Structures are given as C-alpha cells and as structure tokens.
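Undergrad: give me coordinates for this.
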Amino acid sequence: MDGTALYECVAAIFIAQAYGVDLTFFQQIIVVITALLASIGAAGIPMAGMVMITVILTAVGLPLEGIGLILAVDRILDMFRTATNVWSDSCGAVIIAKSEGEQLKV
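TA: Numbers count the residues shown, from 1 in each chain. This next block holds a predicted model:
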C-alpha cells in the first residue's frame, strides 16, 4: 500500500501542475488522505492505482483527462510501486518477528 499511496499523491500533484492548477494546502491534505484511503482499498492487481487515482482527482476537482498524461509510463511505475510495497511489507514482517523474539532456523 505504501507505493500506491505515494504514487497517487505524486501523480495528482503532477496532473495539477501540468494543468496549471494551484492546489491549496487544504486540497493537498485532501489528496494525501484520499490517497491513503484509496491505497487501502486498491486491489492487488496491475494498474489498480490508475483506477483509484480517479477518486483523488475528483476529490480535488482536477480533470480526469489528466490520467492520460501518466498512462504511458504507468506500467514502469507500477513495477516500482510493487517493489516498494514488497520491501515495506518485508521490513514490517522482520520488525514484528524481531519484537516477538523469532529466530531464523536454517
């Protein structure tokens, strides 16, 4: 979920800048909150973030046509999102295992 949330925030701000829309501080907070909630509800399939970004763009009043700006590079970004998600889940699992006193048995 970490990679998806980060991606959706950056993509929404990029689309706003590309269209010349200045987001207020309150709108930026809305982007962050909706990205966090949307990443929790996103399916674990390729391009699920593209579907969820429509929720964020609608929440702050940005045009949905802006998705076309990032559609061409989304497949590559999806691979980085997946790597970020796997890395953060692995780090979380290691932290929990260490706190519970688990040892790796070889």
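
Undergrad: going forward, measure contacts between C-alpha atoms and count neighbours the same way
TA: Noted.

Undergrad: show me what counts as buried in stretch 84-99.
TA: Residues of stretch 84-99 classed as buried: 84, 85 (neighbour count, 16 or more other CA atoms under 10 Å).

Undergrad: same deal with stretch 40-60?
TA: 42, 47, 48, 49, 50, 52, 53, 54, 55, 56, 57, 60.

Undergrad: whichever strand or helix holds the fourth one: how far from the chain's middle?
TA: Here residue 49 is covered by helix 48-59, with elements defined by DSSP states H and E. Offset of helix 48-59 from its chain centre (CA atoms, centre = their mean, to the nearest Å): 10 Å.

Undergrad: count the residues that sit near residue 17.
TA: Number of residues near residue 17 (other CA atoms under 10 Å) recorded here: 12.

Undergrad: now residue 5
TA: Neighbour count of residue 5, defined by other CA under 10 Å: 26.

Undergrad: over to residue 71?
TA: There are 12 residues near residue 71, going by other CA under 10 Å.

Undergrad: that older thread, which helices and strands sit right next to the following helix or strand past the helix holding residue 49?
TA: Next helix or strand after helix 48-59 toward the C-terminus (DSSP H and E): helix 67-71. For helix 67-71, the elements it packs on are helix 2-18, helix 48-59, judged by 3 or more CA pairs under 8 Å, 6 or more residues apart in numbering; DSSP states H and E.

Undergrad: using CSV, list the CA coordinates for helix 67-71.
TA: Below are the C-alpha coordinates for helix 67-71, written out as CSV (Å, rounded to 0.1, in the frame of the first residue of the first chain):
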residue,chain,number,x,y,z
ILE,A,67,-4.7,10.4,-16.3
GLY,A,68,-3.7,10.3,-20.0
LEU,A,69,-0.5,12.1,-19.1
ILE,A,70,0.7,9.3,-16.8
LEU,A,71,-0.8,6.4,-18.7
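
Undergrad: summarise which helices and strands the following helix or strand past it is packed against.
TA: On the C-terminal side of helix 67-71, the closest following helix or strand by DSSP H and E is helix 74-99. Other helices and strands packing on helix 74-99, by 3+ CA pairs under 8 Å, 6+ apart, are helix 2-18.
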